[in-house]
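Asks: Predicted model follows, preceded by the sequence.
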Amino acid sequence: MITIKNEKEIKKMREACRIVALAHEEIKKAIKVGITTMEINDIAERVFIENGANASCKGYPHGSRNPFPAAACISVNDEVIHGIPSNRVLKDGDLVSVDLVADKDGFFGDATRSYVVGRGSQNAYRLVEVAEESFFEGIKMATVGNRISDISHAIQMTVERAGFSVVKEYQGHGIGTKMHEEPGVPNYGKPGRGARLEAGMTLAIEPMINEGKSGIIEQPDGWTVITADGKLSAHYENTVLITNSEAEVLTIL
């Protein structure tokens, strides 16, 4: 069921999203050659704790045999999503994506940023740029009366015009009192399909795009997903509020 948030609920979502954005700002300042992915994870967790929020990814899904073990999903180079932080040291030219989810007072915020560490390839920089660009092209379509796939189509067209490919097995989602709510928000598809957008809907819109082909492989750890051809992947995400005018991005300060 798709939930429409009232003003009180939106206020709580704004706070969870603000905390996620704060953590990303701290990480952006800290990412450099020589830092480990676990050190990045620890920055996020510290910001969450200092602001009274929970690291939603840690222990998710609760009660499973293989819950996610860290506060942040950190994916490097050919890792698409759900990379597990470790003592891995970032090197010059690495492409790293940091996916953060926090919850506070029963509401969630979710955002991802991708970075090129040090001096990377021209294609790495372009991939990161297009992931972000496709998000903003997508939310131009996130207006009352449009449908979910209008967002999806705009993302896909932006990515493919740039010569990259969209990951199809994973998608964005509704968000609110749960990390993942209805509706799903694919990053590809024909326009004019899916749920009609209404004011008060909150969506996590998240293009995941590959340098090469769209194929992916799930790793034995049960979390990490990599590109099938070993080429780079980038990920950009924000939590968005549908309003009676243009969509409002909640996870940018």
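Replies: Perfect, I can see it now. Since the structure is predicted, the reported quantities are computational estimates derived from the model, not experimental observations.
Asks: how about the helices in the stretch 51-200 of the chain?
Replies: 122-139, 148-161 (DSSP state H, counting those that start in this stretch).
Asks: okay, the ones you listed in TSV with distance to R193, mean pLDDT and mean neighbour count next?
Replies: Quick note: C-beta positions are derived from backbone N, CA and C, even for glycine. Listed next are the helices of the stretch 51-200 of the chain as TSV, based on distance: least, C-beta to C-beta, whole Å; pLDDT from 0 to 100; neighbours: other C-beta atoms under 10 Å:
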stretch	distance to R193	mean pLDDT	mean neighbour count
helix 122-139	15	98	20
helix 148-161	4	98	23
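Asks: Any idea which of the ones you listed gets closest to G230?
Replies: Taking C-beta to C-beta, helix 122-139 is the member of the helices of the stretch 51-200 of the chain nearest to G230, at 13.6 Å.
Asks: angle of that closest one against helix 148-161?
Replies: 160 degrees (axes from the mean of the first three to the mean of the last three C-alpha atoms, to 10 degrees).
Asks: tell me which residues in the lengthiest helix in the chain are buried?
Replies: Ordering each helix of the chain by length in residues (DSSP state H) puts helix 7-30 first. Buried residues in helix 7-30, counted by 16 or more other C-beta atoms under 10 Å: 9-10, 12-24, 27.
Asks: Sort out which one of the residues you listed lies nearest I2 for me.
Replies: Out of the buried residues of helix 7-30, the member with the shortest distance to I2 (by C-beta to C-beta) is E9, at 13.6 Å.
Asks: What score does that closest one have for pLDDT?
Replies: The per-residue pLDDT reported for E9 equals 98.
Asks: Likewise for K190?
Replies: pLDDT, read off for K190, is 98.
Asks: That one against I148, yeah?
Replies: No - counting by C-beta atoms under 8 Å, K190 stays clear of I148, with 11.4 Å between them.
Asks: just to revisit the earlier point, taking the buried residues of helix 7-30 together, which two end up most distant?
Replies: E9 and I27 (27.4 Å).
Asks: Assess the claim that K91 and T36 are in contact.
Replies: No - counting by C-beta under 8 Å, K91 sits too far from T36 to count as a contact (11.1 Å).
Asks: So which of those two has more stuff around it?
Replies: T36 (15 against 12; other C-beta atoms under 10 Å).
Asks: contacting residues around that one?
Replies: Neighbour list for T36: 85-90 [criterion: C-beta atoms under 8 Å, 6 or more residues apart in numbering].
Asks: contacting residues around the closest residue to K58 other than its chain neighbours?
Replies: Distance criterion C-beta to C-beta, 6 or more residues apart in numbering; nearest residue to K58, sequence neighbours excluded, is A71 at 5.0 Å. Counting by C-beta under 8 Å, 6+ apart, A71 makes contact with 41-42, 44-45, 48, 55, 57-58, 85, 100.
Asks: Near the residue lying closest to E248 once chain neighbours are set aside, how many other residues are there?
Replies: Excluding the flanking residues, the one nearest E248 by C-beta to C-beta, 6+ apart is L241, at 4.4 Å. Residues contacting L241 under the criterion other C-beta under 10 Å number 19.
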